[in-house]
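Engineer: What follows is a predicted protein model with its sequence.
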Amino acid sequence: MSDVRKDGGATPRKLLSVVTPCYNEENNVEACWTRLRAILEAMPDYDYEHIFADNCSTDRTPEILREIAAKDHRVKVIFNAANFGAARSLLNAQRAASGDVVVAYMPADLQDPPELIPDMVALWERGYQVVYGVRADRDENKLLFALRRLFYRIVNASARFQVPVNAGDFQVVDRTVIEALRHSRDYYPYVRGMIASYGFRSIGVNYKMTRRTADKSKANWFVLIDQAINAVISVSQTPLRIAMFVGFCLALLSVLYGLLQLILVLFLGVSAPPGVTTLMIAVFFLSGGQLFFMGLIGEYVGAVHAMVRERPMVIERERVNFLVVPGDGIRENGTR
């Protein structure tokens, strides 16, 4: 892509894509667009597109996005037919990005500072394919902060790769990363884990995450727990192996308990009430055996499950401005 200078010459400009998922963000989307526009227009070497992915909002968010897209052709909007969850909506929008470099996640509430984008893009220009934001400090209660740190330790202890600690989805990534995400077949994607697993050259940038200034976060405790469980399952089969190990230990304990009762009866003449020993051994052995074989079968089911989850990740109702790109050109990639 190129822009024509006033002197008639052509200066090549790379395309920067920014992805913003939103759900019921009527009080935030316009401020997000305004603030991003000021920052991105101050980057003279880049043209840009700002993709909003509306996850079937029930407030005025869709109406506001249409008004913004009518005023600014660099704003593109994906309207989902239903609420498919934040992770699916985000990945679907990332796949629609056409940029040479992509801000993979820019929250509508601007808790992650967009002012970091120029610095992160500068690191991308130096050859880093993934520049991720590290939330070195954040305005939240100490319990939630501690639980987040524990979560990252669990993920990194069980995964075959390392997920950056305190790093969210706020990342600047190379086009090659987006192409890799296009090949994902995961129905419930853990995007930051997927990107970390690809092994691209990465670097982190520290910043302070601020509180939301409008509305409440849609990520309640149930959503956070669901996302945490999905993250662990997505990156590791360790939970299945723990179940198998626990089952084996319980079965072993039942055998040892039976031997202990036999020794007590033969050498000390001490015995439990009739039937208790048999019942205890049977319960422990059968429950341990069940957990062991469930874990063993789960190893195979987990491997097969990862391959057969081919349901549509997101069904879109409409796309806006996807046939229009900066410079009044037409780009087929990611259009419909």
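Structural biologist: Okay, I see it.
Engineer: contacts, neighbours, all on C-alpha from now
Structural biologist: OK.
Engineer: where along the stretch 201-336 of the chain do the strands fall?
Structural biologist: Ranges of strands in the stretch 201-336 of the chain, per DSSP state E, counting those that start in this stretch, are 202-209, 316-320.
Engineer: Next, Gln111: phi, psi?
Structural biologist: Phi and psi for Gln111, reported as degrees, to the nearest 10, are phi -70, psi -30.
Engineer: Give me the spatial nearest neighbour of it, chain neighbours excluded.
Structural biologist: Thr210 (5.0 Å; CA to CA, 6 or more residues apart in numbering).
Engineer: State the number of residues packed around that neighbour.
Structural biologist: By the other CA atoms under 10 Å criterion, the neighbourhood of Thr210 contains 16 residues.
Engineer: quick one: pLDDT of it?
Structural biologist: What the model reports as pLDDT for Thr210 is 73.
Engineer: Would you quantify the distance from the nearest residue to Leu250 once chain neighbours are set aside to Asn80?
Structural biologist: Excluding the flanking residues, the one nearest Leu250 by CA to CA, 6+ apart is Gly288, at 4.8 Å. Per CA to CA, to the nearest Å, Gly288 is found 46 Å from Asn80.
Engineer: do Arg66 as well
Structural biologist: In terms of CA to CA, Arg66 sits 14 Å off from Asn80.
Engineer: So for those two, which sits in the more crowded spot?
Structural biologist: Per other CA under 10 Å, whichever of Arg66 and Asn80 has more neighbours is Asn80, with 20 against 16.
Engineer: got a list of what the more buried one touches?
Structural biologist: Going by CA atoms under 8 Å, 6 or more residues apart in numbering, Asn80 touches Ala53, Asp54, Asn55, Cys56, Ser89, Val314, Ile315, Glu316, Arg317, Glu318.
Engineer: Same list, those residues, but as JSON lines with distance to Ala38, neighbour count and pLDDT please.
Structural biologist: Converted to JSON lines, those look like this (distance: CA to CA, whole Å; neighbours: other CA atoms under 10 Å; pLDDT from 0 to 100):
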{"residue": "Ala53", "distance to Ala38": "21", "neighbour count": "28", "pLDDT": "96"}
{"residue": "Asp54", "distance to Ala38": "22", "neighbour count": "27", "pLDDT": "96"}
{"residue": "Asn55", "distance to Ala38": "25", "neighbour count": "26", "pLDDT": "94"}
{"residue": "Cys56", "distance to Ala38": "27", "neighbour count": "21", "pLDDT": "93"}
{"residue": "Ser89", "distance to Ala38": "26", "neighbour count": "25", "pLDDT": "92"}
{"residue": "Val314", "distance to Ala38": "31", "neighbour count": "20", "pLDDT": "88"}
{"residue": "Ile315", "distance to Ala38": "32", "neighbour count": "14", "pLDDT": "91"}
{"residue": "Glu316", "distance to Ala38": "29", "neighbour count": "17", "pLDDT": "94"}
{"residue": "Arg317", "distance to Ala38": "30", "neighbour count": "11", "pLDDT": "94"}
{"residue": "Glu318", "distance to Ala38": "27", "neighbour count": "11", "pLDDT": "94"}
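Engineer: Next, give me the two most distant ones among those.
Structural biologist: Ser89 and Glu318 (13.5 Å; CA to CA).
Engineer: follow-up on the earlier one: go through the strands of the stretch 201-336 of the chain and name the closest to Asp112.
Structural biologist: Nearest to Asp112, of these and by CA to CA, is strand 202-209 at 5.6 Å.
Engineer: And that closest one, what's buried?
Structural biologist: Ser202, Ile203, Gly204, Val205, Met209 (16 or more other CA atoms under 10 Å).
Engineer: Likewise for stretch 247-257?
Structural biologist: Under the neighbour-count criterion of 16+ other CA under 10 Å, stretch 247-257 has Gly247, Phe248, Cys249, Leu250, Ala251, Leu252, Leu253, Ser254, Tyr257 buried.
Engineer: thinking Asp100 is in contact with Leu16, fair?
Structural biologist: Yes. Asp100 is in contact with Leu16 according to CA atoms under 8 Å; the separation is 6.2 Å.
Engineer: Those two - which one has more neighbours?
Structural biologist: Remark: of Asp100 and Leu16, Leu16 carries more neighbours, 24 against 17, as counted by other CA under 10 Å.
Engineer: Would you agree that one falls within a strand?
Structural biologist: Yes. Membership of Leu16 in a strand is supported by DSSP: H, G, I helix; E, B strand; the rest coil.
Engineer: Distance-wise, check it relative to Ser98.
Structural biologist: In terms of CA to CA, Leu16 sits 8 Å off from Ser98.
Engineer: which residues do the two both contact?
Structural biologist: In contact with both Leu16 and Ser98: no residue, using CA under 8 Å, 6+ apart.
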